[in-house]
Structures are given as C-alpha cells and as structure tokens.
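> Using only what follows, build the 3D model:
(chains A and B)
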2 protein chains.
Amino acid sequence: MVQAVALPRNELGIEAAVGILKQKFGDRLQTGQAIREQHGHTTTWIENQSPDAVVFPHSTEEVSEIVKTCATHKVPVIAFGTGTSLEGHVNAPAGGISVDLTQMNKVLAVNPGDLDCVVQPGVTREDLNTHLRDQGLFFPIDPGANASLGGMAATRASGTNAVRYGTMKDNVLSLEVVMPDGQIIRTGHRAKKSSAGYDLTRLLIGAEGTLGIITELTLRLQGIPEAITSARCSFPSVDAACQAVMMTIQYGVPVARIELLDEMSVQAANAYSGLSLPETPLLLLEFHGSENGAVEQSETFNQIAEEFGGTDFAATSTTEERNKLWQARHDMYWASLQLRPGARGISTDVCVPISRLAECVTATQDKARELGLMAPVVGHVGDGNFHSLLLIDMENADEVSKADQFVGWLNDLAISMEGTCTGEHGIGQGKQPYLVKELGPAVKYMTAIKKALDPDNIMNPGKILSNT
Amino acid sequence: MVQAVALPRNELGIEAAVGILKQKFGDRLQTGQAIREQHGHTTTWIENQSPDAVVFPHSTEEVSEIVKTCATHKVPVIAFGTGTSLEGHVNAPAGGISVDLTQMNKVLAVNPGDLDCVVQPGVTREDLNTHLRDQGLFFPIDPGANASLGGMAATRASGTNAVRYGTMKDNVLSLEVVMPDGQIIRTGHRAKKSSAGYDLTRLLIGAEGTLGIITELTLRLQGIPEAITSARCSFPSVDAACQAVMMTIQYGVPVARIELLDEMSVQAANAYSGLSLPETPLLLLEFHGSENGAVEQSETFNQIAEEFGGTDFAATSTTEERNKLWQARHDMYWASLQLRPGARGISTDVCVPISRLAECVTATQDKARELGLMAPVVGHVGDGNFHSLLLIDMENADEVSKADQFVGWLNDLAISMEGTCTGEHGIGQGKQPYLVKELGPAVKYMTAIKKALDPDNIMNPGKILSNT
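A predicted model of the protein is given here:
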C-alpha cells in the first residue's frame, strides 16, 4: 500500500458526535470494523483510512442533521456512494463520519417532456437507466463502474460517451446540497440554462465532497436513439488509430463512443472475453442516430479509417453483438488483471489535446517498457483521455517505486502537453502535488473558497487541497 | 430611466489610482465625459452610472497592473467589452476604473486538429468566425449582438444555437484571469475535460466580472457542417408551436436552432425586413449535418409540425435565402422598436422547463394585454428561454410603472414554474431581488465566495449580489 497522510484527530469531538448520532440513528449508525474498513476502502494502492462510524441517512433533512452535529463538534463528514472512486476519495485521514448515501436511492421524478429527471444521490447509473428504459430515455454518462449519481457528480465523472454527451458537468441541471454548516440549498431548478448568479452547480460538481454533500440531482436526459450501430476497426499503430479519431471528429461525425485499446489490452480482452480480435491497436465505436444516420456515420468512419490503414472493420446493429463488444470493453479492468494474476491494478488518468494523444500514448508505452512495467492502455480517445493500467506486485518494493515514478512522469508529461493529470477520476489524496503543478496559483483561490465555505474543514478533509 | 442604487465612493482612492494609471497609460487612459458615459451606458432602462476613467490595456500584464493599483487604493474595476449587456453590468455605482478590453482583440492560436482556439477577451464573435471560416471551423455561440467573447463568458451568454451547442459554459475549455489581488491565473489548459480541482472556469463564467477579469479564453470550436438547411413553419397558436418543439427534441432531432416569433414579432419582421410571412406564431429552424442528414432532420420536423397544425413549411439550403431569414431574426430588436417609434425596448429573459413554455408565453401575452403594454415575444424555444420585448414610452410614468410590474410578475411566474429569471442575460443590477427569490439561501454562499476572493469588493461592485 502507498501511505496516505494522516491528519490530526479531534477525539473528543468524534466521540460526542458518534454518541449523538447513535441516539438519533440507532442501527443506521454502524461502528463495526468491517463496515468501517469497507467505507475507507480505496480501489487502488492508497492505504485504508477508516472512518469512526458509518451512518445511513434516508432524507436530505437527516443529512443536514448529521452535518449540523458534525459542524458543532468539528468532526469530519465524508460522503460515500458506491466506493468506486480511484484516488482515496472516501478515506478518513482525520477519522470522522462516513455518510453512506446508498439508502437514498429513489428516482423522485421523470419529466419526459423536458428530458430531465430528479434523483437521490444513491441511485446508480444502471438503476436509473433501467428505470428510464420503458420511457425511451437514457442518462448517457457511463464511467464503467456502476457508480452512484451523487458520487459521479462529486468527481466530475465521464467515461465512454463523453465525446458526444459531455461529462457530469454538462448533464446536471441543478443540485440540492447540504452545505458545511448544515444548511440545505438548491443551486438551480429545471431550466435548461440559466445566468442567475455564480454557477454553484458546477462548483459542487467535482468538489469531491469537500464543499458540501449532494442530496438530490436534477439530470438532463436523452431520448434513446432510433438506431445504434457499433463498430470495431484494427490499426497498424496507435498513431494511425489516433489520426483516424482526429479526422473523424474534425469531419463532424457525431460519434457517441470512440475507444482505443492498445495491443496489450486487445490481448487481455481476447483472453478474458473469448474474442479473437487482431492483436494490434483497436478502436471500438458507437454511432447514435436515425437508421440512415447511424449507417452513414459508420460508413464515413470506415472510409476515414481506411485512409489510415484501418483493417478488419466490422459494424453491427444487433443488440446482442453490440452488448458483447461493449461488455468486453467494460470488463477491461478485470481482463487486464488476468494478464498478471495477483497483481494490483493502478489506473492513471491523463487527458491531453487530441493532437498530442498518439505521442502521449506511445511515450507512455515506451516508458512502461523501459521501467519493466506491464501497463495495458485503454482510452476515451475522442476526448484525448486514456488510462494506463499498471499491473503491480505490491510486495515488490522496487516495482512499487518504479510505478510511482511512472505515474509522476506521466502526469508531468500530460501537463507539459497542455493537458491534465486527471480527465475524470479527480484529485482525491493521490494527485494533490500534480494539481499544484497543473494550475499553480489558481490553487490558492480554490483554497480560499474552501476556507470561506468550510472554515472548520469538516467536509472530506485532506482531499483535493493539501493544505486544508 | 430606472434609478440604480449608488454606492459610497472612495474619492481619495479613485483620485490616487487615476493619477497613477494616467502616468502609466498616458493617452490610453481617458477621463472625458463622453467616453465615460459611453462606458456606463446601459442598453435598457437603467440609468447611466459613469466610471471615473476608462483605460485601454494591451496585455494581461497591463490588466494585472491596473487591478493591483486599484486593489492598493480600494478602487472599483469594471471590465468592459462591447457594452451590449442588458442588466446594467458595466455601470459604475461606486465610480472607479472601466477596463476597456477592445484593444486586446487578437486571435492568439487556432488548433484545427483539436477543434480549439485561444483568443483575447476583446475579440468579437463575428471577428472570430471571420477568422475561422477559411479553416472550415466556427464558434457556435450567437447571442445576436456582436459581443466580445470575454463579455459573453462573463455573462454566461448563449443565444440561438444553444439548443444544440450549449452556452458559454459548455464552450470554454479554460480561462486566464486577473484575480482581485492582481494575480494572473489559468483555470485549466487545452484538455477537452478535466477533474482537476474546483471548476474555476465555470465559476468565472457568469460571474459578471465580480470575481476577476478574463484576459484570455481557450474556446471549443466546431467544424462547419457539410450541409445547413433552414426552415420556417407557421402555427395556429403558441401552444401548437411549443408542442411541435417539444416533440422534435424528444424525437432526438439534433436541431441547431429553433426560434419562436409570436404574432406581433412576425408583424414586426414583415414590416422591417420586407417579408410576407403569415401573421401567426412562427418557428424558424436550422439543421446542421451531412447532406442527407440535414434533409432528413428537416423532413422529420415537417412531419411533426403537421401533426400540430403547422402550415406554410418552407425549407432552404441556399446561403442567400438562409441569411435573409436569419437576418430577419437577428434584426428583431430593431424591427420591434419600429412597431412603436420613440419607445425604448426593455427585454425580459425568463427560461422555464419546455413543458411549461407554452403556458408561460401565453400568460405573458395575456398579462401584457391586460396592462396595455406592447410586448412582442421571441424565444430560443428549444431551451425554454424567451424574451418579451416591452416597448415603453419612458416619459409616461404610469407605463413605466406597469412595465416594472410586468417584469416582476414574469420573473416570479418563471420561478414558480421551476425556471429562472434569466436564461442568458445575467443578474447585473436589474435582477438582484429575483436571484434571491430564485435561489434563496444559496445566495449566502455566493456572497461568501465573493468576500473570500474579493474582500475589498473592488471587482464590479453592486452587481449580482446586493450586499456586496
């Protein structure tokens, strides 16, 4: 495990707050070791820092009551969704109360005429899409994991559909939030756009629970397209694949998904998902539109791909074949782990201008080879975002050190290419030095905002900003 | 004129700052009455509150120097673009320095492969699009006026293309900003998405110059579509037109523009632009796509329109005819004024969920009739946003009072329909009480942010937040 910084604990305050909340919540407040560890669980290599208690509220008012109690006693409050975040977001470096929102999981309203809905934060994206399907609607953001919508907003998540539908910041109309003093606010209503004051919606999205707890989301929905066509195409090199992506986007093809798997990822997918794809860089695509439109997009892409040496192009509109292809993509994390059983997977998350993408991916592959690390690459290449999944033997100190060096090198490279150290995973505990490298003096103003809204630093302390 | 609140002036500080800046900027600092009045000009009915001096910087460093001087002497700094804002944004209620950014008007970089560009804040949207045209690119946000891009970001502007391409918040990748202490920051770089810390980009967009001065913008661009088709269609009622809009969007037609003109607006357009449109509610549309795609969209819309009693459908792909139609739409402000020569035009700007739009527009027309006010309506109806343009004899106190009553009534109505008092014009001086009605306790946290970043309240004081 990589050690996480521990922060000073307010023992007396924690004891008082846990006692008060236990009285109020009874069995809905748990202090057993297993449940506490589960709520400090990090999916990568950052050590577990468990909260002192886990509480399961059922309403916004209950969340407000929890926060007010914690504010009074200056005790940390850490919002918890499904625990799928990747940078230590749910860790409790100063202890405190984990607020598990999974029991706030109701879809409160669906407005088909307005293409919006109102949900509690514990609703997962898959549950929402199941709920919406009969009405011909869907919520497009798909980060892979079946994350909660509150957590997805808190980390400014995106995923495979972002190239067409944007990220969480683009698909949340407004939020209800419990602020650090326990006050319940709304950041907006159901208008499709607004110029009414500071954009608190976007400030809270991506704040990783450090400025408030999201208790309700009003989401923008999409109609399920008349036609969906999936396609795959193999390329002689990462560069050729990236050139095809860039041309496709410049050409205005409104591609819904365009994902890159490098050679090693294709090998993993073949082995894990029983496919027999050519083991060269691969693009997986999805086109949404009318019957004619989806076909036209697919054909246009095929023409472009051929210009860049694309081979083995195959398109399909049948649901079964589509699902098989995308299931393989979604299983890439597990498939990659099978390349090296027993290894831990550590995901990087850089995003660069698309014109620098091929150079960045290729340099990343070379660097991994140079350091003797296994690191298959998958990428949301329409956005210039890719993940190199390091497969690390955590018992091997030299390898862990090399992996740490690799991660730092890659973040620096992305920043030097006018990119970012995190396209969609967030800063959490893991990337704080890179946030400073990336945005420099801007971080001072983030800190000023944090101090203004949360002067006692009770909301998810030790995340994003190292000095709060 | 409607009186604007005057704020206490720091006479000594202003005198000192103007003196220092005059030494530095020479002829690029002006204090003549005409130029000062022009920079406190409001396009609507709010009185002019002129700044004490107008300065014309040429670089970010010069803006930083101006702000540092004003920070030292606690003197207001008001950013000025083209002066086309509509809620008193450039007024100087406490005097101070107007920073006219029109000489910072360079396109610094265009990156066709990444579909982005970097511009100074004084570049206007028309100048940018002229610059981009040869490269097959365009910037889609079109608020009607040929506004500066810095000003458009500051007011979170949008306009006719927002239904497809979003608003300024969706089309700015990052900003360079001079903060209230004179520090220059970047809020991001050129990655298409990022989860790196608080979203200062979106916080600054729509902050109306109250948190900093935008000195550079990195913008997302679009490829000029292969085909553009325009269409118009008349409807028996506003309700029928709105039903057709809602169905078109639900059906997933990626319409690029869908604008409503009510009966009175059509009359105005016919008279001013020499058209002979049926004088019933009208939709103007634009479809972007491939040759086939644009035609298919247009045909799909026509079928939907027929279901709702649409008549006189006409589509055109010739540039000349398209331009004529859209020129008429862009000239609506002037055309409407001609309905009542000598009157002043006062624009409302509510935005409601689209399912409430017909009800809201119809109630607005009824209310105007009840009060004896002329108020043609145009709307960006794909977003649920519309403008009722009051044509007011400013010499008639009773009429001005009724207009004031009408504006308040309409803002309240929109808020009661889960909408907003401003879809795209901003709060400025004019809408502060409605911001509080709309967002209640959230305004307290906006104020906390303002105080944290600008403790001496020098950045565009008296705007958005009434108590700063």
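
> List the buried residues of stretch A:389-408.
Across stretch A:389-408, burial judged by 16 or more other C-beta atoms under 10 Å in any protein chain shown covers A:389, A:390, A:391, A:392, A:399, A:400, A:402, A:403, A:406, A:407. No exception for glycine: its C-beta is placed from N, CA and C like everyone else's.

> Among the residues you listed, which ones are in helices?
Under the assignment DSSP state H, the buried residues of stretch A:389-408 contribute A:399, A:400, A:402, A:403, A:406, A:407 to helices.

> Mind picking the one among those residues that's closest to chain B?
residue A:407 (14.9 Å; C-beta to the nearest C-beta).

> How many residues are close by the residue lying closest to that closest one once chain neighbours are set aside?
With C-beta to C-beta, 6 or more residues apart in numbering or on different chains as the criterion, residue A:407 has its nearest non-adjacent residue at 5.8 Å, and that residue is residue A:348. For residue A:348, the neighbour count with other C-beta atoms under 10 Å in any protein chain shown is 25.

> I'd say residue A:348 and residue A:390 touch.
Yes. Between residue A:348 and residue A:390 there is a contact under C-beta atoms under 8 Å: 7.3 Å.

> how about stretch A:365-382 as CSV, C-alpha atoms only?
These are the backbone C-alpha positions of stretch A:365-382, laid out as CSV (Å, rounded to 0.1, in the frame of the first residue of the first chain):
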residue,chain,number,x,y,z
GLN,A,365,4.1,2.5,-23.7
ASP,A,366,7.8,3.1,-24.2
LYS,A,367,8.2,4.4,-20.6
ALA,A,368,6.5,1.3,-19.2
ARG,A,369,8.7,-1.0,-21.2
GLU,A,370,11.8,1.0,-20.1
LEU,A,371,10.8,0.5,-16.4
GLY,A,372,9.8,-3.1,-16.9
LEU,A,373,6.2,-2.5,-16.0
MET,A,374,3.1,-4.1,-17.5
ALA,A,375,0.6,-1.3,-18.3
PRO,A,376,-2.1,-2.0,-20.9
VAL,A,377,-3.8,1.2,-22.2
VAL,A,378,-7.5,1.9,-22.9
GLY,A,379,-8.6,5.3,-23.8
HIS,A,380,-11.6,7.6,-24.3
VAL,A,381,-9.7,8.9,-27.3
GLY,A,382,-12.4,11.2,-28.6
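
> right, and the helix or strand after the helix or strand hosting residue A:248?
In the assignment (DSSP states H and E), residue A:248 maps to helix A:238-250. Following helix A:238-250 in sequence order, the next helix or strand is strand A:257-261 (DSSP H and E).

> And the contacts of that following strand?
Under the criterion C-beta atoms under 8 Å, 6 or more residues apart in numbering or on different chains, residues A:160-161, A:163-164, A:238, A:241-242, A:245, A:248-249, A:269, A:281-286, A:329, A:332, A:361, A:376-382, A:386 lie in contact with strand A:257-261.

> mind redoing it with 7 Å?
Residues outside strand A:257-261 that contact it (C-beta atoms under 7 Å, 6 or more residues apart in numbering or on different chains) are A:160-161, A:163, A:241, A:245, A:248, A:269, A:281-286, A:329, A:378-382, A:386.

> cool, and stretch A:135-147?
Here stretch A:135-147 has contacts from A:81-82, A:84, A:110, A:112, A:124-126, A:128-129, A:132, A:152, A:157-161, A:165, A:167-168, A:171, A:219, A:221-224, A:330, A:424, using C-beta under 7 Å, 6+ apart.

> gap between it and the chain center?
13 Å (C-alpha atoms, centre = their mean, to the nearest Å).

> same question, stretch A:271-280
26 Å.

> go on, stretch A:102-114?
Put simply, stretch A:102-114 sits 21 Å off its chain's centre (C-alpha atoms, centre = their mean).

> Let me see the mean pLDDT of stretch A:61-75.
Averaging pLDDT along stretch A:61-75 yields 98.

> Oh, that last question was meant for stretch A:287-299, not what I typed.
95.

> Please save the CA atoms from that stretch in PDB.
Taking C-alpha atoms only, stretch A:287-299 is exported to PDB below (Å, rounded to 0.1, in the frame of the first residue of the first chain):
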ATOM      1  CA  PHE A 287     -22.900   5.700 -33.500                       C
ATOM      2  CA  HIS A 288     -26.300   7.100 -32.500                       C
ATOM      3  CA  GLY A 289     -28.900   8.500 -34.900                       C
ATOM      4  CA  SER A 290     -31.700   7.700 -37.200                       C
ATOM      5  CA  GLU A 291     -31.500   4.400 -39.100                       C
ATOM      6  CA  ASN A 292     -29.900   6.200 -42.100                       C
ATOM      7  CA  GLY A 293     -27.800   8.500 -39.900                       C
ATOM      8  CA  ALA A 294     -26.100   5.800 -37.900                       C
ATOM      9  CA  VAL A 295     -25.300   3.800 -41.000                       C
ATOM     10  CA  GLU A 296     -24.000   6.900 -42.700                       C
ATOM     11  CA  GLN A 297     -21.700   7.800 -39.700                       C
ATOM     12  CA  SER A 298     -20.400   4.200 -39.600                       C
ATOM     13  CA  GLU A 299     -19.600   4.300 -43.400                       C
END
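
> what about the strands in the stretch 151-300 of chain A?
Under the criterion DSSP state E, counting those that start in this stretch, strands of the stretch 151-300 of chain A are mapped to A:172-178, A:184-186, A:213-220, A:222-223, A:227-234, A:257-261, A:282-289.

> neighbours around whichever residue of the stretch 1-150 of chain A sits closest to chain B, how many?
Across the stretch 1-150 of chain A, the shortest distance to chain B (C-beta to the nearest C-beta) belongs to residue A:113, at 3.8 Å. Using other C-beta under 10 Å, the number of residues around residue A:113 comes to 15.

> Check residue A:144 too.
18.

> helix, strand or coil for it?
coil (DSSP: H, G, I helix; E, B strand; the rest coil).

> And residue A:54, by the same measure?
Applying three-state DSSP: residue A:54 is strand.

> who touches it in this structure?
So residue A:54 contacts A:30, A:35, A:36, A:39, A:98, A:100 (C-beta under 7 Å, 6+ apart).

> No more questions from me, cheers.
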